[in-house]
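*Asks:* have a look at this prediction, sequence included:
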Amino acid sequence: MRANPIKELLGNGATALNAWCSLPCAYAAEIIANQGYDSVTIDLQHGAMHFETAMAMLQAVSTTNAMPMVRVPWNEPGILMKLLDAGAYGVICPMVNSPAQAQSFVEACRYPPMGSRSYGPGRAVYYANAQSGRDYAAQANKQILLLAQIETKQALDNVDAILATPGLDGLYIGPGDLSLALGEPPLMNPTSQLVTEAITRVMQKTRAKGLVAAVHTDGPKTARMRFKEGFHLCSLQNDVRLLSDAAQAQVNAARCSQS
């Protein structure tokens, strides 16, 4: 089975840039994946795609060196297993608020004896370059990256217990929801001391456990700051924002030239 490139990258002390796809389009995902990101996440929670389109997008990302990842719509075993069978090499699970929810997430994604994932890897075998399904089953628990998303006050209160979940690879901070949960505006680069201290605390606790500390950002400047703070993986702006920003810049430049 092919090694997980993000795990290898972080294991060597490097950092990783993650792209974020919300548009339901395999062609757009392929374009994004060819730009040099270390991984590309297909967002089924707030993105506009369902499973069939997400699978085509995973196939498109798989033609590049970027690692295919997904954010599932919810902590539900059925969709978790289907997306892993479709070839996702990393999974971000939203709104993990308790150790029980973290355990449920891990169990659905790991084969026995670590978890309860049903066997039938389908397309995942081809992406993994496994010689047979048995090769995939023997290595998947080690290679698949699992990140629980920390977005609420309850999750902050339970962060130590969540981090203690066997089989969990790390935590992914959602600054927008976390800001809302703490009574602040939903920003990807929060300035509230309450929120920034919470983000730092989660990152430090995650690193202390030897696990992956990941976070969503609003672009390169914030990502560079987060890497300096100690985060391992940062997501940049999603495809919708990149498209709208580029289109707006084109319009503004054209109108400016007319004046």
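*Replies:* Good, I have the coordinates.
*Asks:* so where do the strands sit in the stretch 51-200 of the chain?
*Replies:* 67-71, 90-93, 145-150, 170-173 (DSSP state E, counting those that start in this stretch).
*Asks:* need the ones you listed in a markdown table with mean neighbour count, can you?
*Replies:* Glycine gets a C-beta too; all of them are placed from N, C-alpha and C. Conversion of the strands of the stretch 51-200 of the chain to a markdown table gives the following (neighbours: other CB atoms under 10 Å):
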| stretch | mean neighbour count |
| --- | --- |
| strand 67-71 | 27 |
| strand 90-93 | 26 |
| strand 145-150 | 26 |
| strand 170-173 | 24 |
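*Asks:* for those, which one sits closest to Ala130?
*Replies:* Shortest distance between Ala130 and these, using CB to CB, is found for strand 67-71: 15.3 Å.
*Asks:* tell me the angle that closest one makes with strand 145-150.
*Replies:* Direction vectors for strand 67-71 and strand 145-150, defined by axes from the mean of the first three to the mean of the last three CA atoms, to 10 degrees, enclose an angle of 30 degrees.
*Asks:* just checking: what are the partner strands of strand 67-71?
*Replies:* Looking at strand 67-71 with DSSP bridges, its paired strands and their directions are strand 39-43 (parallel), strand 90-93 (parallel).
*Asks:* which residues touch the first one?
*Replies:* This means strand 39-43. Outside strand 39-43, the residues that touch it by CB atoms under 8 Å, 6 or more residues apart in numbering are 5-6, 16-22, 29, 32-33, 49, 54, 57-58, 61, 64, 66-71, 88, 90, 92, 233, 235, 238.
*Asks:* those residues in helices, which ones?
*Replies:* Those of those mapping onto helices are 5-6, 29, 32-33, 54, 57-58, 61, per DSSP state H.
*Asks:* would you list those in TSV and tack on pLDDT and distance to Glu76?
*Replies:* As requested, these are exported to TSV (pLDDT from 0 to 100; distance: CB to CB, whole Å):
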residue	pLDDT	distance to Glu76
Pro5	96	27
Ile6	98	24
Ala29	98	23
Ile32	98	26
Ala33	98	26
Ala54	98	14
Met57	98	20
Leu58	98	18
Val61	98	23
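*Asks:* can you pick out the most distant pair from these?
*Replies:* Across the ones in helices among the contacts of strand 39-43, the longest distance by CB to CB is 20.1 Å; it joins Pro5 and Ala54.
*Asks:* quick one, which of those two is more surrounded?
*Replies:* Looking at Pro5 and Ala54 with other CB atoms under 10 Å, you find the greater number of neighbours at Ala54, namely 26 against 18.
*Asks:* next up, the contacts around Thr64.
*Replies:* Applying CB under 8 Å, 6+ apart, the residues contacting Thr64 are 30, 33-34, 40.
*Asks:* got it, and Ala128?
*Replies:* 1-2, 87, 89, 121, 135-136, 139-140, 143.
*Asks:* likewise Pro5?
*Replies:* Taking CB under 8 Å, 6+ apart as the criterion, Pro5 is in contact with 38-39, 65, 67.
*Asks:* find the nearest non-adjacent residue to the residue most central in space within the chain, please.
*Replies:* For the chain, the residue sitting closest to the mean C-alpha position, by CA atoms, centre = their mean, is Ile92 at 4.4 Å. Closest residue to Ile92 in three dimensions, ignoring its sequence neighbours and counting by CB to CB, 6 or more residues apart in numbering: Arg71, at 4.2 Å.
*Asks:* ok, what's across the strand from that neighbour?
*Replies:* Under the criterion used here (DSSP bridges), Arg71 is bridged to Asp43, Ile92.
*Asks:* all set now, cheers.
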